[in-house]
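Colleague: Sequence and predicted structure, then a few things I'm wondering about:
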Amino acid sequence: MPETNRETYRPQQKDTFENKKAILEAMLFVWEGPLSAGRIASILEISPEEAEKIIEELEAELSRTGRGIRLYRYEEGIQLGTAPEAAAYIEKMFSRETMGSLSNAALEALAIIAYKQPVTRVEIEEIRGVKSDGVVDNLLKRKLIKSAGRKETPGKPLLYVTTDEFLKYFGLRNLDELPPLPEED
Amino acid sequence: MISVTYVVSLPVFEGPFDLLYHLVRSQEIDIWSVSVADVTNQYLEYLRLMEEFNLEIASEFLVMAATLLRLKSRMLLPPRENQAEEDEADEELFSIYSSEELIRRILEYRSFKEPAAFLEKREKEQQRIFFRSTGGPRVMHVTRQERFFEQEGLVDKLVEAMQEQMQKKNRREKARDIKLVEEYRLRDRIKVVLGKLSGKKNAVYMDSLLETRHKGEIVTTFIAVLELARQRKISFWQQRNFSPILIQLKDSVVEEEEPNAGD
């Protein structure tokens, strides 16, 4: 009976921890894109600390072997995604190869921008020793970098910074997760 | 010297600093005590090899060669009075005037190699993770004309759809001559496409428009679709990643009877 089905999830009924974990899993299943811990807490009507505990629990449960989906953490929130081990088959299912990877030149420029931001195109070129307009345009188009104001020097060149998409693309929670620049002398 | 009895494969360098690092490192001495003269000679030797292999030498490599030669000659000659002016005249070259500066620039470039490799590794890992795409249909409306061709790799997708149809065609009829293009005039095809789209409340599949008997017709229909998109008379939709492309007439066009097609 459909009416009674609804009854089962009446909010006044006290949800157990396990129950909330299941609800969170269901929420992440239908949600497209990352869901923030704050949002989760307010929907589940629990404290942020409780929400974090439930997230951790679900994360641990999913990363145990034998599961096809994992919980991934990003700056803006958490998201369910496929287990990397399944990649070959998922690609086969979509009958596609993985989307175009970045060129060495693009990775090099991106590394410079990530560490030196905000940085101008000329500054990137000085370090690389090569013209980089094409590379910078490509990174802009892929939304991995964006312009953020202009430098107060002659010509007022644009300054570039990395985007949230950059973090997401490389699976980083924030810029601190980048390895330290090697010091060499 | 390298003997010519075996094949030498030249490593590929991202730029002059990349090559210089390789040369400096191969000397196996403290990087700061590297001789500019030696490095310059090796650098020029490498460019000569590239030439011999008929490899295209990017202009930056030549600019660096000139920079190194200037640096080398300057270290041999006593400083001159109008040096600053001369430097300004050479602004096309790298602003490297001492061996310390050269090493510093090489090391600075080099310090980003590891982070770049780190990013590459992370990219590979991330590309093995797929995310669910639930939400609404991914709208590929043509909002601003100049953005049209950038929109979500739209043209690639359209070309793919066309190629798929062409391949099916190829399998069915092996070698039939492509009829004269005039037979499928663009203007007529635009009318046909509009005819198929008008009066339909729902979007139709791109593939269904291309299901025709002749290659020439497929091509002309495809161009007609592009032309209509350019005129912003139709919208494209895709329900989710990799799903078929849907086409719909824009609301504003529905009433129009005889659209003015370009020729």
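Modeller: That came through fine. Numbers count the residues shown, from 1 in each chain, chains lettered A, B, ... in the order given.
Colleague: Give me the number of neighbouring residues for the closest residue to B:Lys72 other than its chain neighbours.
Modeller: Excluding its sequence neighbours, the residue lying closest to B:Lys72 (C-beta to C-beta, 6 or more residues apart in numbering or on different chains) is B:Thr40, at 5.0 Å. C-beta coordinates here come from the backbone N, C-alpha and C atoms, glycine included. Residues near B:Thr40, counting by other C-beta atoms under 10 Å in any protein chain shown, number 22.
Colleague: do you know how far B:Thr40 is from B:Asp90?
Modeller: Taking C-beta to C-beta, to the nearest Å as the measure, B:Thr40 falls 16 Å from B:Asp90.
Colleague: what about stretch A:81-90 and chain B, any contact?
Modeller: Yes. Stretch A:81-90 reaches chain B (C-beta under 8 Å from any C-beta of the partner chain) through A:Gly81, A:Thr82, A:Ala83, A:Pro84, A:Ala87, A:Ile90.
Colleague: circling back: am I right that the residue nearest to B:Lys72 is in contact with B:Arg70?
Modeller: No. If you go by C-beta atoms under 8 Å, B:Thr40 and B:Arg70 don't touch, sitting 10.0 Å apart.
Colleague: per-residue confidence at residue 6?
Modeller: Picking chain A for this. In this model, A:Arg6 is scored at 49, pLDDT.
Colleague: that's the other chain; I wanted chain B
Modeller: Confidence score, pLDDT, at B:Tyr6: 57.
Colleague: List the contacts of B:Leu62.
Modeller: By C-beta atoms under 8 Å, 6 or more residues apart in numbering or on different chains, the contact set of B:Leu62 is B:Leu47.
Colleague: chain center to the helix or strand encompassing it, what's the gap?
Modeller: Using DSSP states H and E, the element containing B:Leu62 is helix B:59-76. Computed by C-alpha atoms, centre = their mean, to the nearest Å, the separation of helix B:59-76 from the middle of its chain amounts to 31 Å.
Colleague: Likewise for stretch A:103-117?
Modeller: 18 Å.
Colleague: Run the contact check for it versus chain B.
Modeller: Yes. Residues of stretch A:103-117 contacting chain B under C-beta under 8 Å from any C-beta: A:Asn104, A:Ala105, A:Leu107, A:Glu108, A:Leu110, A:Ala111, A:Ile112, A:Ala114, A:Tyr115.
Colleague: element containing the nearest residue to the first one once chain neighbours are set aside, please.
Modeller: Of all residues beyond its chain neighbours, the one nearest A:Asn104 is B:Glu14 (5.8 Å), with distances taken as C-beta to C-beta, 6+ apart. B:Glu14 belongs to no helix or strand when elements are defined using DSSP H and E.
Colleague: Spell out, range by range, the helices that occur in the chain.
Modeller: Assuming you mean chain A. A:2-7, A:17-30, A:37-44, A:48-63, A:87-93, A:104-116, A:121-128, A:133-141, A:164-169 (DSSP state H).
Colleague: I was after chain B.
Modeller: B:16-26, B:36-52, B:59-76, B:83-89, B:99-110, B:113-126, B:154-172, B:186-197, B:206-210, B:215-230.
Colleague: mean pLDDT lowest for which of those?
Modeller: Among the helices of chain B, helix B:83-89 scores lowest, with a mean of 65.
Colleague: Quick check, B:Ile223 in contact with B:Arg187.
Modeller: No. Using C-beta under 8 Å, B:Ile223 is not in contact with B:Arg187, being 11.0 Å away.
Colleague: Please report the distance of B:Ile218 from chain A.
Modeller: Separation of B:Ile218 from chain A (C-beta to the nearest C-beta, to the nearest Å): 21 Å.
Colleague: hang on, that residue packs against B:Met206?
Modeller: No. Here B:Ile218 does not reach B:Met206: they are 11.5 Å apart, not a contact under C-beta under 8 Å.
Colleague: Those two - which one has more neighbours?
Modeller: B:Met206 (24 against 21).
Colleague: residue contacts, that one?
Modeller: Here B:Met206 is in contact with B:Leu158, B:Ala161, B:Val225, B:Phe236, B:Pro244, B:Ile245, B:Leu246, B:Ile247 (criterion: C-beta under 8 Å, 6+ apart).
Colleague: Skipping adjacent residues, who's closest to it in space?
Modeller: Distances taken as C-beta to C-beta, 6+ apart place B:Ile245 nearest to B:Met206, at 4.0 Å, with adjacent residues excluded.
Colleague: Quick one, grab the pLDDT at the one you found.
Modeller: 78.
Colleague: and it, what is it in contact with?
Modeller: B:Lys157, B:Leu158, B:Ala161, B:Tyr205, B:Met206, B:Asp207, B:Phe236, B:Trp237, B:Gln238.
Colleague: ok, of these, which come out buried?
Modeller: Buried by 16 or more other C-beta atoms under 10 Å in any protein chain shown: B:Lys157, B:Leu158, B:Ala161, B:Met206, B:Asp207, B:Phe236, B:Trp237, B:Gln238, out of these.
Colleague: And the fourth one, how close does it get to B:Lys157?
Modeller: Applying C-beta to C-beta, the value for B:Met206 to B:Lys157 is 9 Å.
Colleague: Chain B versus A:Leu102, what's the distance?
Modeller: A:Leu102 is 6 Å from chain B, by C-beta to the nearest C-beta.
Colleague: Give me the below-cutoff pLDDT ranges for chain A.
Modeller: A:1-15, A:17, A:94-99, A:183-185 (pLDDT under 70).
Colleague: Thought B:Gln248 was touching B:Ser198, still the case?
Modeller: No. Using C-beta under 8 Å, B:Ser198 is not in contact with B:Gln248; the gap is 10.5 Å.
Colleague: so what's A:Arg73 closest to, chain neighbours aside?
Modeller: A:Arg173 (5.8 Å).
Colleague: do the same with A:Leu139
Modeller: A:Leu139 sits nearest to A:Ile145 (C-beta to C-beta, 6+ apart), 4.6 Å away.
Colleague: Give the full set of residues in contact with the residue nearest to B:Lys72.
Modeller: B:Leu68, B:Leu69, B:Leu71, B:Lys72.
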